[in-house]
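Predicted model follows, preceded by the sequence.
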Amino acid sequence: MDESDRRIVILGKTLVGKSSVAKTIFGEEVFKTNSSANSGTSKCQAVTRSINGRSITLIDTPGFFDTETSEEELKPEIIRCITECAPGPNAFLIVFKVEKFTKHEEAVIKKISQYFSEEIFKYATVLFTHGDQLDERQTVEEYFQQNNQLASDLLKKCGGRCHVIDNKYWKNNQQDEYRSNQFQVKELLKTIDKMVEANKGSCYTNELLQAVEKEIRFESICTVL
């Protein structure tokens, strides 16, 4: 596998625009979503595309606190995302809307820690959607600083890595380069590259994911035999 290939898992609560993030990065609709107004992705989905000659795999996951998915269904489905990008993801995108952090956002961060352990934040970048909600000339970093302590703590955990896109209004090149999805996607991929380099090229893993890998290998051997 090429060292420049990237396997990126998208995490977030329902209806923050996770599937639209993939559309913005790839420039096309790639993930199917439920027609229900109260629900988004219900199953893990993985799509690979080439960006500037590099293979990028995005893995969309069911939203935390999805009204149509129980906790018993959610956890194994989110963990299954790892099987879609063995030997493991290089990066996680934790997606939020540009809006006030509340107990819901706090609960999402806690769930991510429970499912993947604190180790995940070494591999994570925070990505905001609905960038049009930023004040004029305000950056996402400034937004973080002006938000509550929870947002600042998350940013610290993620090594200061954060970006912002707007799936609706920033499609075309803007006079303000910052408010351009094209610019933000380039910067996001640069950030992920630097993070992978800092992690010495390793992918995220823990005991649970190692067990998943063993199961995959076992199934592969059974298939061959």
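Arrived safely. Residues are numbered from 1 along each chain as shown.

Tell me where the protein has helices.
Taking DSSP state H as the criterion, the chain carries its helices at 18-26, 71-80, 103-116, 140-146, 149-157, 181-198, 207-224.

Please name the nearest non-neighbouring residue to residue 88.
Distance criterion CB to CB, 6 or more residues apart in numbering; nearest residue to residue 88, sequence neighbours excluded, is residue 203 at 3.6 Å. (Glycine included, C-beta is placed from N, CA and C.)

right, and the one you found touches residue 82 too?
No: in this structure, residue 203 is not within contact of residue 82 by CB atoms under 8 Å, at 9.5 Å.

shared neighbours of those two, anything?
88-89 (CB atoms under 8 Å, 6 or more residues apart in numbering).

Mind checking which of these two has more residues around it?
Neighbours per residue (other CB atoms under 10 Å) separate residue 203 from residue 82, with residue 82 holding more: 25 against 17.

so what's the closest residue to residue 97 other than its chain neighbours up against?
Spatial nearest neighbour of residue 97, chain neighbours left out: residue 130 (4.8 Å); criterion: CB to CB, 6+ apart. Residue 130 makes contact with 17, 97-99, 166-168 under the criterion CB under 8 Å, 6+ apart.

So, low pLDDT: which residues of the chain?
Scanning the chain for pLDDT under 70 picks out the ranges 1-2, 33-42, 67-68, 83-84, 147, 172-175, 206-225.

Format the helices of the chain as CSV; extra columns: distance to residue 51.
Output for the helices of the chain, formatted as CSV (distance: least, CB to CB, whole Å):
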stretch, distance to residue 51
helix 18-26, 8
helix 71-80, 25
helix 103-116, 25
helix 140-146, 22
helix 149-157, 26
helix 181-198, 7
helix 207-224, 26
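
quick one, which of these is nearest to residue 49?
When these are compared by CB to CB, helix 18-26 sits nearest residue 49, at 4.8 Å.

contacting residues around the closest one?
Where contact means CB under 8 Å, 6+ apart, the residues beyond helix 18-26 that reach it are 10-12, 29-31, 33, 40-41, 47, 49, 51, 56, 58, 60-61, 63, 93, 95, 127, 129, 165, 167, 181, 185, 188.

Please point out which parts of it sit buried.
Neighbour-count burial for helix 18-26, counted by 16 or more other CB atoms under 10 Å, picks out 18-26.

Measure how that helix sits relative to helix 181-198, angle-wise.
Using axes from the mean of the first three to the mean of the last three CA atoms, to 10 degrees, one finds that helix 18-26 and helix 181-198 are set 90 degrees apart in direction.

Please save the CA atoms from helix 18-26 in CSV.
Extracted in CSV, the C-alpha atoms of helix 18-26 (Å, rounded to 0.1, in the frame of the first residue of the first chain):
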residue,chain,number,x,y,z
LYS,A,18,-21.0,13.9,7.8
SER,A,19,-22.1,12.5,4.4
SER,A,20,-21.8,16.0,2.9
VAL,A,21,-18.2,16.2,4.1
ALA,A,22,-17.4,13.3,1.7
LYS,A,23,-19.2,15.1,-1.1
THR,A,24,-17.2,18.3,-0.4
ILE,A,25,-13.8,16.4,-0.3
PHE,A,26,-14.5,14.2,-3.4
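
surely residue 69 meets residue 76?
No: because the distance of 10.9 Å does not satisfy CB under 8 Å, residue 69 is recorded as not touching residue 76.
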